[in-house]
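Colleague: pasted the sequence and its predicted model underneath.
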Amino acid sequence: MGNGETRVRGLAARAGGWSARHRWAAVGIWVLFVVLAMGLGSAAGRVDVNESDQLKGETHTAAKIIDDAGIKEPAGETVLVQSKDGSVKATDAEFKAAVADVVKAVEGTGRVTGVKSPYDTGTIAKDGRSALVQFDMRGDADTAADRVEPVLKAVSGVQKDHGTLRVEEIGSASMQKQYKDAFGDDFQKAEYSAVPVALGILLIAFGALVAALLPVALAITAIMATMGLMGIVSHLQPMSDTANSVMLLVGMAVGVDYCLFYLRREREEREAGRTAGAALRIAAATSGRAIIVSGVTVCVAMAGMLFTGLPEFEAMGLASLMVVAVAMVGSVTVLPALLSLLGERVEKGRIPFLRRRKRAGGTESRFWTAVLRGVLAKPVLSVVVATGALLAVAAPALGMKTSQLTLDQEFGDSLPIVQTYDRVNEAFPGGSEPASVVVRAKDINAPEVRQALADFKKQAIDSGASQGPITVTLHDAQNVALVSVPLVGGSDMGKATKSLEKLRDEVRPATLGKVDGVEAPVTGQVAGNHDFNDQLIGSVVPVFAFVVVFAFLLMLLSFRSLTVAITSILLNLLSVGAAYGILVAVFQHGWGASLVGAEGVGAIVTWLPLFLFVILFGLSMDYHVFVVSRIREARLRGRTTKDAIQHGVVTTAGVVTSAAVIMVAVFAIFGTLSMQSMKQMGVGLAAAVLIDATVIRGVLLPAVMALLGERNWYLPKWLHRMPDLTHDESPEAVAPPVADENEPVRV
């Protein structure tokens, strides 16, 4: 064909060609899809994960017994009354007056019920300097955090009248309120920052407002459509606020990346002298195909979360999968239509000070050209040094410890309630997070059951699992008893877990377990964390196997090379290992934690390693597929493998760098949030993407491919019958004329 035009084939090419020919139809269909998805999702409403369905095992059994019995457990609250200097004791008149004022104040709000004085319940510390006023919030426990504010203000008023004492409230409602406020503020900050940060980097990269707005617009519309779809899908698979936030994070990252890949290739082909139509067709067949391969790989990786059996993970996986699929479809359909409509107007809104002299020969990066020259000259040394460095970075991961973070670990000293939490646990070990034994019997008042309950209380203290006081609440009509057991260990999750295991493995079998027909699952915060850990650890092998095997098969089908598929998996695993090592070094050991505004908390939050593996394994394929596609393309044009490697890496360096900078910046926002778990997630993701886009793609990948030479394209004869998912390659681009000094920076 004339003027450098070429015929292309493949799904992405056909989609891009149709969109370019039917521009308004493609844009209209996309807008209609987004509007319909949002409208239907809003009408359907979102169903969130039910607390009782979060886990399997004893925690789930206990929740089911309570639900079946129709028992509505209220949100319990506690007010700590404590002498500040130890001079005032619970027997003193001043202390008793403060307790009486607390009881009167909280009852006066009309929001509480069942107020109990420590002088009636015996909840006075052994040293006599601390006491607990206990009560329940009226109404549904799930919404108690929305109603606890007046009670907190009433308690605060009592504190003002008693300067020598501490009068502080803590409980499920007040903790939930503080947690929701902090969590909400954090994510609002992240969400508001992500778009301006991405837009700013794109403005620098493209030097033009319209070109910078396109990727952001696609990412935002993909996120909006996915939010609507989440509402519809939630009736089959419940969603959550966490899933929504993760979806936004992933959607912004891949939505911008995919647009960058496509737009960069279309600009490059036009600069090479192609017609607008030919440039779009080549971009569709090459970058469009890379987007589909990458998108499907990311979707497969996200689908790995569905194998955990944990509703929260399943919600995150499905939400992420949907936003990637929507962004992928938008990139290969509506983006070509918009580029066709805009034409040269995509360069509108140029930024005056972002100008440079265009280099003859096109878009190759000087920096990466210099790096590649050294890497390809000494590939063995490059592999040894880069691999050694990454293995050294990954080494701390061998000692990784995972744990659910306690309130003080999660927020440090940033929340006032953390100090209250520590004081209650010090004076009443386990009092702020007691275990709850849900006992169901044919007749809860039968003599043998009542005796077993009494024996359980005694042996729980005798065994060292609890220091008491242990309370029993009977629900005669439902034949259910709820036993609250403060665990020795308190906020120390390791010690509290040992106390939990004593209850489950020693005390319960010797008491309640001897009565026929009695069920007594142990639940509570510590038990929930323990069961969550067990279930998550059990899902690691199937999730890893699913993601690795399917990613391997996709790479094999997409590049028709056994070697490329194997090296892709190994390089991705090395990248993930390095990210794990950084996480452990910073957050477990505290090395350099202050540099990211964090602190060593001695452990990595339990859900993060598996979550990071899935996310990173998917996102890292973006760069890998894009770079290897260009290398393969150059090789099929007739270049030597060494020349093809250099051409593929240096011509994609600009877009990979820009995409990585955006991802790192967006992820780093989460590293600035107040919650340690969010800091860990943000730092882990940002570090992994940075390593992936530099050491892996810029050094290790080209060095390994240079060593392998023609073996990069090895495919056993017995695999030749596989479906051919490759595309027709465009002919070698002709060198464009040298532009003037006012040419904008293009990625």
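Modeller: Nice, thanks for sending it over.
Colleague: neighbouring contacts of stretch 502-516?
Modeller: With contact meaning Cβ atoms under 8 Å, 6 or more residues apart in numbering, stretch 502-516 is reached by 58, 435, 437, 439, 441, 448-449, 452-453, 455-456, 459-460, 463-466, 485, 487, 518, 520, 522. The C-beta positions use only the backbone N, C-alpha and C, and glycine is treated the same way.
Colleague: in that stretch, what's buried?
Modeller: For stretch 502-516, the neighbour count (16 or more other Cβ atoms under 10 Å) marks 502, 503, 504, 507, 508, 511, 512, 515 as buried.
Colleague: repeat that for stretch 333-350.
Modeller: Result for stretch 333-350 [16+ other Cβ under 10 Å]: buried residues 333, 334, 335, 336, 337, 338, 339, 340, 346, 347, 350.
Colleague: identify those among these that sit within helices.
Modeller: Under the assignment DSSP state H, these contribute 333, 334, 335, 336, 337, 338, 339, 340 to helices.
Colleague: which one of those sits closest to residue 292?
Modeller: residue 333 (11.2 Å; Cβ to Cβ).
Colleague: show the contacting residues for the closest one.
Modeller: The neighbours of residue 333, taking Cβ under 8 Å, 6+ apart as the test, are 15, 16, 19, 26, 29, 30.
Colleague: hmm, back to that, just the buried residues out of the contacts of stretch 502-516, in ChimeraX syntax.
Modeller: To isolate the buried members of the contacts of stretch 502-516 in ChimeraX, using 16+ other Cβ under 10 Å:
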select :58,435,437,439,441,449,452,453,455,456,459,460,465,466,485,487,518,520,522
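Colleague: could I get the ones in helices among the buried residues of stretch 333-350 as a markdown table with distance to residue 377?
Modeller: Output for those, formatted as a markdown table (distance: Cβ to Cβ, whole Å):
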| residue | distance to residue 377 |
| --- | --- |
| 333 | 43 |
| 334 | 44 |
| 335 | 39 |
| 336 | 40 |
| 337 | 45 |
| 338 | 43 |
| 339 | 39 |
| 340 | 43 |
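Colleague: okay if I get those as TSV plus distance to residue 71 and pLDDT?
Modeller: Listed next are these as TSV, based on distance: Cβ to Cβ, whole Å; pLDDT from 0 to 100:
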residue	distance to residue 71	pLDDT
333	52	90
334	52	91
335	54	89
336	58	89
337	57	90
338	57	89
339	60	86
340	63	86
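Colleague: need phi/psi at residue 83.
Modeller: When read as degrees, to the nearest 10, the backbone of residue 83 gives phi -70, psi 130.
Colleague: which residue is most remote from the mean position of the protein?
Modeller: residue 93 (52.1 Å; Cα atoms, centre = their mean).
Colleague: ok, the ones in helices among the buried residues of stretch 333-350 vs residue 697, which is closest?
Modeller: Among those, and counting by Cβ to Cβ, the member closest to residue 697 is residue 335, at 23.5 Å.
Colleague: wait, the closest one touches residue 217, no?
Modeller: No. With contacts counted by Cβ atoms under 8 Å, residue 335 stays clear of residue 217, the gap being 9.8 Å.
Colleague: what sits against residue 666?
Modeller: 194, 197, 198, 249, 252, 253.
Colleague: Validate this expectation: it resides in a helix.
Modeller: Yes. Counting by DSSP: H, G, I helix; E, B strand; the rest coil, residue 666 is found in a helix.
Colleague: could you shift the numbering so residue one becomes 780, and keep it that way?
Modeller: All right, first residue 780 from here; so that's residue 1445.
Colleague: give me the distance between it and residue 872.
Modeller: 59 Å (Cβ to Cβ, to the nearest Å).
Colleague: who touches residue 1345 in this structure?
Modeller: residue 1331 are the contacts of residue 1345 under Cβ under 8 Å, 6+ apart.
Colleague: turn the buried residues of stretch 1281-1295 into TSV, including distance to residue 1046 and pLDDT.
Modeller: Putting the buried residues of stretch 1281-1295 into TSV (distance: Cβ to Cβ, whole Å; pLDDT from 0 to 100) gives the following:
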residue	distance to residue 1046	pLDDT
1281	66	88
1282	65	89
1283	63	89
1286	70	88
1287	68	90
1290	74	89
1291	72	87
1294	76	86
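Colleague: where do the strands of this protein begin and end?
Modeller: 855-862, 891-895, 909-916, 944-950, 1181-1182, 1214-1219, 1250-1254, 1259-1264, 1301-1303, 1383-1384 (DSSP state E).
Colleague: mean pLDDT for the ones you listed: which is lowest?
Modeller: Among the strands of the chain, strand 1181-1182 has the lowest mean pLDDT, at a mean of 79.
Colleague: re the thing from before, looking at the strands of the chain, spot the one closest to residue 1321.
Modeller: Once these are compared by Cβ to Cβ, strand 1181-1182 is nearest, at 17.9 Å.
Colleague: tell me how far that closest one lies from the chain's centre.
Modeller: Relative to the chain's own centre, strand 1181-1182 is displaced by 16 Å; criterion: Cα atoms, centre = their mean, to the nearest Å.
Colleague: then stretch 1299-1315?
Modeller: Distance of stretch 1299-1315 from its chain centroid, counting by Cα atoms, centre = their mean, is 21 Å.
Colleague: would you mark the buried spots in that stretch?
Modeller: In stretch 1299-1315, counting by 16+ other Cβ under 10 Å, buried: 1299-1312, 1314-1315.
Colleague: okay, who's weakest in the contacts of residue 1445 by pLDDT?
Modeller: Of all these, residue 973 carries the smallest pLDDT score, 73.
Colleague: ok, that residue - contacts?
Modeller: 1027, 1028, 1031, 1445, 1448.
Colleague: again, but for residue 837
Modeller: Counting by Cβ under 8 Å, 6+ apart, residue 837 touches 1283, 1300, 1301, 1302, 1306, 1310.
Colleague: just checking, the last one touches residue 835?
Modeller: Yes. Using Cβ under 8 Å, residue 1310 makes contact with residue 835 at a distance of 7.3 Å.
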